[in-house]
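Participant: pasting the structure only:
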Ligand SMILES: NC(=O)c1ccc[n+]([C@@H]2O[C@H](COP(=O)([O-])OP(=O)(O)OC[C@H]3O[C@@H](n4cnc5c(N)ncnc54)[C@H](O)[C@@H]3O)[C@@H](O)[C@H]2O)c1
Ligand SMILES: O=c1ccn([C@@H]2O[C@H](COP(=O)(O)OP(=O)(O)O[C@H]3O[C@H](CO)[C@H](O)[C@H](O)[C@H]3O)[C@@H](O)[C@H]2O)c(=O)[nH]1
């Protein structure tokens, strides 16, 4: 495939920085637009970094006048589910309204091909697992709702303006660059794997296990952990699908296997060579017992083949990053 120029919004973040790496490794030109509110400039392996809020319309007008982009990947968002419940306006503004500003600018400048970071949170409490794309979308919190609203806007823009998009609904993003050049650096960190590993090193207090009385084999929640590099490969395939004339749609991204919180803790202890200090705590509000993806569509339509279906490999990469970064 020939070299293209892509805009990666939120490219200095956890998942976006792996995307930038993947694009560069595939010979593409990359412009990163990131305000560094939660991202890190040193996570970028290359490309041109523009430090700016992506929802600034005059800035976007100048950007789209100066550059021709073959497509746009959009990772920038507010990502804390709990915060979204207490401060919904922040989420509808940053995730939904800001993306509408971006989509209008893209429409007016004729920028085509949009790959959007959506989430399994659009589904809400699962009616069945594994969850396929046809599963009812009843988000339980404003974070999930803010993303689902963007999907609905995208569908309307496609009908009205021919905006071509793929919405990728990730399950639990995990792992890090196998060479530990970049990894997960959220602040505050809320995700299970980095918190477990940081409890081992003593950088954080004991890991609180949120609930041991779920209707699952060991009583803790099941999640579908998908490696960030596998997310990146799916994004590029989704972009190429659009460039080849594929119809706008959503895809789930996950491994299709559920691992319990207790299994993650056990594997993290094995990988780190020391047990994870844990404290058993009540359930966290809004956590479904099981979230497992049916990603058959991404495999069949995009030709996506995840490389890392082994939890030990995923946590191994996160551990190498954890040791290198602190
Ligand atoms: N981490 C997960 O498990 C997960 C799961 C499902 C979906 N997602 C989605 O994936 C995307 C990336 O998540 P992440 O974990 O990499 O988050 P992150 O916070 O590490 O990255 C987000 C990036 O966007 C930038 N950003 C935020 N607001 C901006 C703005 N207004 N203008 C310019 N840049 C801005 C931040 O500086 C950061 O670099 C998000 O859209 C998130 O909702 C993540
Ligand atoms: O300190 C912790 C942190 C998490 N957990 C448990 O570990 C599992 C995974 O929790 P994470 O916070 O790592 O991930 P979530 O499944 O809550 O969230 C992920 O999936 C969501 C979709 O439902 C959103 O997309 C979100 O951005 C993404 O990180 C859950 O059962 C949670 O209760 C703990 O027991 N202790």
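Facilitator: Arrived safely. Not measured: the values here are computed from a predicted model. Numbering: from 1, shown residues only. Ligands and ions are numbered 1, 2, ... in the order given.
Participant: how about the residues of the protein by ligand 2?
Facilitator: Applying CB under 6 Å from any ligand atom, we find that the chain lies next to ligand 2 at 79, 81, 119-121, 172, 190-192, 195, 207-210, 221, 223, 261, 284, 287, 291. C-betas here are computed from N, CA, C, even on glycine.
Participant: give me that answer again for 8 Å
Facilitator: Contacts of the chain with ligand 2, taken as CB under 8 Å from any ligand atom, map to 79, 81, 119-121, 123, 143-144, 170-173, 190-193, 195-196, 207-211, 220-223, 261, 264, 281, 283-284, 287-288, 291.
Participant: which of these are buried?
Facilitator: Burial by neighbour count, 16 or more other CB atoms under 10 Å: within those this picks out 79, 81, 119-121, 123, 143-144, 170-173, 192-193, 195-196, 207, 209-211, 220-223, 261, 264, 287-288, 291.
Participant: then residue 52 would be within a strand, right?
Facilitator: No. Using DSSP: H, G, I helix; E, B strand; the rest coil, the assignment for residue 52 is coil, not a strand.
Participant: distance of it from residue 9?
Facilitator: 10 Å (CB to CB, to the nearest Å).
Participant: the more surrounded of the two?
Facilitator: residue 9 (26 against 14; other CB atoms under 10 Å).
Participant: what about stretch 161-180 and ligand 1, touching?
Facilitator: Yes. Counting by CB under 8 Å from any ligand atom, ligand 1 has neighbours in stretch 161-180: 169, 170, 171, 172, 173, 174.
Participant: can you redo those residues as CSV with pLDDT, distance to residue 310 and secondary structure?
Facilitator: Putting the residues of stretch 161-180 next to ligand 1 into CSV (pLDDT from 0 to 100; distance: CB to CB, whole Å; DSSP: H, G, I helix; E, B strand; the rest coil) gives the following:
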residue, pLDDT, distance to residue 310, secondary structure
169, 98, 22, strand
170, 98, 18, strand
171, 98, 16, coil
172, 98, 15, strand
173, 98, 16, strand
174, 98, 12, strand
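Participant: need these in TSV with distance to residue 32, can you?
Facilitator: Shown next, in TSV, are those (distance: CB to CB, whole Å):
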residue	distance to residue 32
169	23
170	20
171	25
172	24
173	18
174	22
